[in-house]
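Peer 1: I'll drop the sequence and a predicted model, then ask my questions.
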Amino acid sequence: SAVISQKPSRDICQRGTSLTIQCQVDSQVTMMFWYRQQPGQSLTLIATANQGSEATYESGFVIDKFPISRPNLTFSTLTVSNMSPEDSSIYLCSAGRDEKLFFGSGTQLSVL
Amino acid sequence: DQQVKQNSPSLSVQEGRISILNCDYTNSMFDYFLWYKKYPAEGPTFLISISSIKDKNEDGRFTVFLNKSAKHLSLHIVPSQPGDSAVYFCAASYTSGAQKLVFGQGTRLTINP
């Protein structure tokens, strides 16, 4: 399995501010993804984090709101920009290894 | 447009009995299906998967069945144990391997002593 460390584990933020979430994988992986789980909802893919190039965003998600970096094969960040209460969710980093997708423990974000 | 659906938000089963969790999908292009288990404050944990070329895959107490004509899959847990109490997510992808997944809404399984 892959060990994925994600931080912060939770945060409470003010409306209009930004939060950057970090994801560190224990060894190199090809594929990294960012998901969101809104309260009572399923996991929804935000984007694929591409090493050395711009992330690939899913429908309904844009780079200005969720900028993503992936400087190498073990690390990625997701920023939630100009937050509103609707951004209150769990944000999850995931990475692929051995034909499986593994997940970090998530970041519980509450926006006031 | 929910392409992967888990119509039962919750399920309660007696310890030692069989738990059956169901999942339906609408996109016939899906080629690979997975089940994940999630405890509170933790990320989803991979349980078992099945390729569309198979109709059954077994791993210990967990068996996944796939009915492609009905676009339906199910996860059987037998015997059910208290530690199985968690939220179970069905997921699908267009190819096998560590690709992006489409998830169902999840089913909360409670195993009663």
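Peer 2: Done, it's in.
Peer 1: tally of neighbours for A:Gln37?
Peer 2: 21 (other Cβ atoms under 10 Å in any protein chain shown). (Each C-beta comes from the backbone N, C-alpha and C, glycine too.)
Peer 1: brain fart, B:Ser69
Peer 2: If you count neighbours by other Cβ under 10 Å, B:Ser69 ends up with 5.
Peer 1: For it, give its distance to A:Thr17.
Peer 2: 51 Å (Cβ to Cβ, to the nearest Å).
Peer 1: what about B:Val4, distance to chain A?
Peer 2: 8 Å (Cβ to the nearest Cβ, to the nearest Å).
Peer 1: I figured A:Glu99 was touching B:Ser96, is that so?
Peer 2: Yes. Contact criterion Cβ atoms under 8 Å: A:Glu99 and B:Ser96 qualify, at 6.1 Å.
Peer 1: Comparing these two, which shows the higher neighbour count?
Peer 2: B:Ser96 (17 against 12).
Peer 1: Got the phi and psi for the nearest residue to that one once chain neighbours are set aside?
Peer 2: Leaving aside its sequence neighbours, B:Ser96 sits nearest to B:Tyr32 (Cβ to Cβ, 6 or more residues apart in numbering or on different chains; 4.4 Å). B:Tyr32 adopts backbone torsions of phi -150, psi 140, taken as degrees, to the nearest 10.
Peer 1: I'd guessed A:Gln6 sits against A:Met32; true?
Peer 2: No. Taking Cβ under 8 Å as the definition, A:Gln6 is not a contact partner of A:Met32, at 11.5 Å.
Peer 1: quick one: common contacting residues for these two?
Peer 2: Here A:Gln6 and A:Met32 share the contacting residues A:23, A:93, scored by Cβ atoms under 8 Å, 6 or more residues apart in numbering or on different chains.
Peer 1: Looking at these two, which one has more neighbours?
Peer 2: Between A:Gln6 and A:Met32, A:Met32 has the larger neighbour count (other Cβ under 10 Å), namely 26 against 22.
Peer 1: Specify the beta-bridge partners of that one.
Peer 2: Judged by DSSP bridges, the bridge partners of A:Met32 are A:Ala49, A:Ala95.
Peer 1: so it touches A:Ala47, yeah?
Peer 2: No. The criterion here is Cβ under 8 Å, and A:Met32 misses it with A:Ala47 at 9.6 Å.
Peer 1: how about the residues of chain B near chain A?
Peer 2: Residues of chain B lying close to chain A by Cβ under 8 Å from any Cβ of the partner chain are B:2, B:4, B:34, B:36, B:41-46, B:49, B:89, B:91, B:96-106.
Peer 1: Any of those buried? List them.
Peer 2: Neighbour-count burial (16 or more other Cβ atoms under 10 Å in any protein chain shown) is assigned, among those, to B:4, B:34, B:36, B:43-44, B:46, B:49, B:89, B:91, B:96, B:98-106.
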